[in-house]
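K.L.:
Got a predicted model here, sequence first, then my questions.
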Amino acid sequence: MLRNGLEPWHLLIVAIVIIVLFGSKKLPDTARALGRSMRILKSEAKAMKDDDAG
């Protein structure tokens, strides 16, 4: 059934569904918060790695 996995039009449909569900006004704030969270996670992981090495 899913021989080729995800194709580009699958991602387009998912993006449209997300925009419809969450609304276009909330998406920039959500993306910004996600970016901040990823930066924090990356810095914490680096700090743990440095603590283990030292």
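P.N.:
Okay, I see it.

K.L.:
Every contact and neighbour count from this point should use C-alpha atoms.
P.N.:
Noted.

K.L.:
residue nearest the centroid of this structure?
P.N.:
Residue closest to the average C-alpha location in the chain (CA atoms, centre = their mean): Leu34, at 6.5 Å.

K.L.:
measure that residue to Ile40 for me?
P.N.:
Applying CA to CA, to the nearest Å, the value for Leu34 to Ile40 is 10 Å.

K.L.:
Got the confidence number for the residue nearest to the centre of the chain?
P.N.:
Confidence at Leu34, expressed as pLDDT, is 91.

K.L.:
separation between it and Glu7?
P.N.:
Counting by CA to CA, the gap from Leu34 to Glu7 is 25 Å.

K.L.:
for His10, what are its contacts?
P.N.:
Listed by CA atoms under 8 Å, 6 or more residues apart in numbering, His10 has no contact partners.

K.L.:
can you tell me the helix or strand for it?
P.N.:
helix 8-22 (DSSP states H and E).

K.L.:
Between helix 8-22 and the helix or strand just after that helix, find me the angle.
P.N.:
On the C-terminal side of helix 8-22, the nearest following helix or strand under DSSP H and E is helix 27-53. If you take axes from the mean of the first three to the mean of the last three CA atoms, to 10 degrees, helix 27-53 sits at 110 degrees to helix 8-22.

K.L.:
just for this protein, where's the confidence low?
P.N.:
1-4, 54 (pLDDT under 70).

K.L.:
give me that answer again for 80
P.N.:
Along the chain, segments meeting pLDDT under 80 span 1-6, 24, 53-54.

K.L.:
Leu6 in helix, strand or coil?
P.N.:
coil (DSSP: H, G, I helix; E, B strand; the rest coil).
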